[in-house]
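J.: Structure here, sequence nowhere to be found:
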C-alpha cells in the first residue's frame, strides 16, 4: 500500500499527480481504492472535493476519465446494470428504445455524445483538468457509471436514492457478494453519465443527503464514510468495427472507489452527547477495524506467526473493500494532518498508522487483454474510413449537377461519333455520298439496337422496381408486426415495472421497518447495558455490604470465642481446684487407711502428670480436652480394696463417714460428660455415615440398633442433615497387632447463609479389642 503525505503548502493539482496512477490503471482493467485518512478537521473532504477555484481529486479524476474515453464513448444504454453487480449488453434497437423512453420521461432530448448543459451546482465554472491517459484500446466501447453510498453507524445507505428528496428517509442497504467474489451494496442506484459535469451534479445531490453535523472541533463534521464509486465498463467491437460484441461474458468492469473517511474523535475533546456520541463511537470502531485488518495483513505477509484471520466482517467499511486488500487492485491512502499543537497526540497516532500501512503489500490480479479473443486490431479505424468513403459516394451521387454532367457525358460518348466528310470534291464525286449513306444506315442500325437494349433494360428496371416495391411492402408488414410486438413488450415491461415498483415499495417498507427495528434493538441494547451496569454496581455495593457484615460477624465471633475461652479457663480452674481438693482428701483418707506414711511417700513418688487430665484430639479438624482417668481409676480401686480390708478388720464408728465418702467418690470411677455426645435429644435422630465394606465387630460397645439412628454409605445432603440432630462418621483402620480399630467421629451441624449445613466435629470415640 502506498501512503502519500503532503506538506501544508502543496496544491491539489500536485496531490492529483500522485494519484494519477489509479486513473491510468482503470484502462488496464485494474481496480483502485483511494481514501483520505486523518483526524477530524484535518481537511479530508477538501482534499477529495476541493473548491470551484481549486478542484479536488474527485473532479480532476472525472475530467481525466472523460478526456480519455470521449472519442470511444458508447451510446447511452448500450450497457445496462443487471442488479447483480454486472452488466448486460443491449442491441442498438434496444438501446434506442431505452433512449426514447428516457427522452419521453424526462421531456427533453438526451444527447448520446458531447456535453449536456449543466444546471447550477457548486462545481459550475470550475477549472477543468486537461490531462488524458495514453494507451487506450481504441477497438473497444466504454461507458462510465457512478454511485454514491455512505457508511453511517455501520449501516450502508444509498445517497442517490431516487425518492430521498420527497421527504422519505434513506433506507439501509445490505452488502452482498457477486459470482466473482466481489462485495457490493445491493440495490444502490447506479447512473450512467456522459460528462464529468453530470457526475458532479450527482455528487452535489448526494452531498445534500449525507450526514453532516457541527461539533466543537469542526462546524461541518462528516458523521459517515462517503464512498463515490466510478465503474468503467469496456467491451470490444465486432469484426466490422461498428457495434459491440453481444456477449456478456467478455464485458470487463474496472472500479475506482474514492472514499472520504470520517475523522477519528476523542470524546473528552469534542464533549459529544447523545446521537453525536454514538456516531463518534461507530466511526472510531470502524477505523480501528481498518487498522486491525492492515496489521493482520502485514503480520501474515511477514510470516511472523501462524496465519492470522483478517477481521473484515467486523465493520461494513472493511467488508465492502475486502477484494482490494486481497489483491484485486491498487490501494492508495492520503494522510491529512492538522498542524495545530493541541492535535499533537492524535497526529502522532495517525503517522504511526501510516508508517505501518506502508509495509502492507498485496498481490496483483492478472490483466485481461481483448486482443487474445481473435479480433483484428484497428477495426474501429477501418470502420471509420469505410463510413467516410460511403458518405463521399452518397454525396457524389446525390448532387444534381454532377448527375446531369455524367448523364450528358455518357450520352455523348454513346451517340456522338465522328461523321465522315460530307463536302463533295466535285460534280463527279461518287464516293462521299455512298460513304455518308452507309454511315447513316449503320448509325440507324446502332440506334435501333440501342433502343432495343434500352427497352430491355427498361423492362428489367421495371421488374426490379416491382420486386423492390414488393420487398418494401414485405418490410412494411414485417415492421408493423415488429412494432406490434414492441408495443406488446413495452406493455409487458410496463406491467413488470409496476410490479417491480410495488416489490420495491414493499421492500423499502420492510427495510424501513428493519431500520426501525435495528434502531429499537440498539436502544434496547443500550438500555440493557445500562441496566447491567447498574446491576453490577448494585452487586458490588451488596458485596461490600456483605463483606462488612461478614467482618462484623467475624469480629463478633472472635469476641464470643475469646469470652468462651475465658469462661472455659475459669471453669477449668474451678475443676482443677475441686480436683486438687479431692486429691487432698483422698491423700488424707489414704493416710488414715495406711497408717499415715505410705500414701505420702507413694504420692510423692507419683508424677503429677499421671493423675492429671490429658488433652487428646476429638475430631479430624478440631481438638478438645478429654478426661482420661485410667491411672486415677487404678489408684481408686487399690485404695478402695485397702479400705475394704481395713473395714473388715475394724468396726470403728468413724468408718461409716469415710465409707460413705469413698463409696460416693469411687462409685463411678470413670465419669466423662462427653459420654452424652452422639445421643439424640428428645425426638431427634442420629445420622451416621459408614463404609460400604464395613467389618462387623460384634462388640458389647458396638453399634446400638435404634429407631432414631439412620445409616448411610455416602456423603449426607443438607436436607438429611436438617432432619437429624447429630451426625456421626465411622472409620475403620487396622492396628499393628492385626486387630481392627473403629473410630466414631461425632459432630454437630448448623445452617449456613447460603442454604447449606456446616458440620463441626466435637468428639471421637475409639473402639478396640485386645487380649486381657
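T.: Great, that's in hand. Predicted, not measured: the structure shown is a model, and the values here were computed from it. Residues are numbered from 1 along each chain as shown.

J.: Check which helices and strands the longest helix anywhere in the chain sits against.
T.: Longest helix in the chain by number of residues (criterion: DSSP state H): helix 432-594. When contacts are defined as 3 or more Cβ pairs under 8 Å, 6 or more residues apart in numbering; DSSP states H and E, helix 432-594 packs onto strand 172-173, helix 400-415, helix 598-605, helix 630-649, helix 655-666. Just so you know, the C-beta spots here come from the backbone N, C-alpha and C atoms, and that holds for glycine as well.

J.: Show me what the mean pLDDT comes to for the third one.
T.: Averaged across helix 598-605, pLDDT comes to 40.

J.: Adjust the sequence numbering to begin at 210 for everything that follows.
T.: Yes, from this point I'll number from 210; that puts the last item at helix 807-814.

J.: Point out where this protein drops to low pLDDT.
T.: The model of the chain has pLDDT under 70 over residues 210-239, 316-330, 373-377, 513-515, 571-585, 599-627, 804-893, 906-916, 980-981.

J.: What segments of the stretch 360-509 of the chain are strands?
T.: 364-367, 381-382, 384-386, 392-394, 400-402, 421-422, 430-431, 434-445, 461-469 (DSSP state E, counting those that start in this stretch).

J.: part of a strand, is residue 941?
T.: Yes. Counting by DSSP: H, G, I helix; E, B strand; the rest coil, residue 941 is found in a strand.

J.: Does it touch residue 904 like I think?
T.: Yes. Using Cβ atoms under 8 Å, residue 941 makes contact with residue 904 at a distance of 5.9 Å.

J.: what do these two both touch?
T.: Shared contacts of residue 941 and residue 904 (Cβ atoms under 8 Å, 6 or more residues apart in numbering): residue 949.

J.: Would you mind telling me which of those two has the busier surroundings?
T.: residue 941 (15 against 10; other Cβ atoms under 10 Å).

J.: how much space between the more buried one and residue 972?
T.: Taking Cβ to Cβ, to the nearest Å as the measure, residue 941 falls 18 Å from residue 972.

J.: same question, residue 309
T.: With Cβ to Cβ as the criterion, residue 309 and residue 972 are 109 Å apart.

J.: Those two - which one has more neighbours?
T.: Set residue 309 next to residue 972 and count neighbours by other Cβ under 10 Å: residue 972 wins out with 22 against 12.

J.: re the thing from before, now find how far off-centre the longest helix of the chain is within its chain.
T.: How far helix 641-803 lies from its chain's middle: 11 Å, per Cα atoms, centre = their mean, to the nearest Å.

J.: Which parts of the stretch 410-559 of the chain are helices?
T.: 476-479, 484-511, 525-529, 531-532, 553-566 (DSSP state H, counting those that start in this stretch).

J.: Any buried residues in the last one, and which?
T.: Right, the one you point to is helix 553-566. 555, 556, 559, 562, 563, 566 (16 or more other Cβ atoms under 10 Å).

J.: now the first one
T.: Buried residues in helix 476-479, counted by 16+ other Cβ under 10 Å: residue 479.

J.: so what does that helix touch, helix or strand wise?
T.: Against helix 476-479 (3+ Cβ pairs under 8 Å, 6+ apart) you get helix 484-511.

J.: The helix it packs on vs helix 641-803, what angle?
T.: Counting by axes from the mean of the first three to the mean of the last three Cα atoms, to 10 degrees, helix 484-511 lies at 100 degrees to helix 641-803.

J.: angle of helix 484-511 against strand 434-445?
T.: If you take the same axes, to 10 degrees, helix 484-511 sits at 50 degrees to strand 434-445.

J.: Which neighbouring elements make contact with helix 484-511?
T.: strand 349-361, helix 476-479, helix 525-529, helix 553-566.

J.: could the strands of the stretch 360-509 of the chain be laid out in CSV, adding mean neighbour count and distance to residue 343?
T.: CSV is the format used below for the strands of the stretch 360-509 of the chain (neighbours: other Cβ atoms under 10 Å; distance: least, Cβ to Cβ, whole Å):
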stretch, mean neighbour count, distance to residue 343
strand 364-367, 22, 35
strand 381-382, 20, 37
strand 384-386, 14, 35
strand 392-394, 22, 30
strand 400-402, 18, 23
strand 421-422, 14, 39
strand 430-431, 23, 36
strand 434-445, 23, 16
strand 461-469, 21, 17
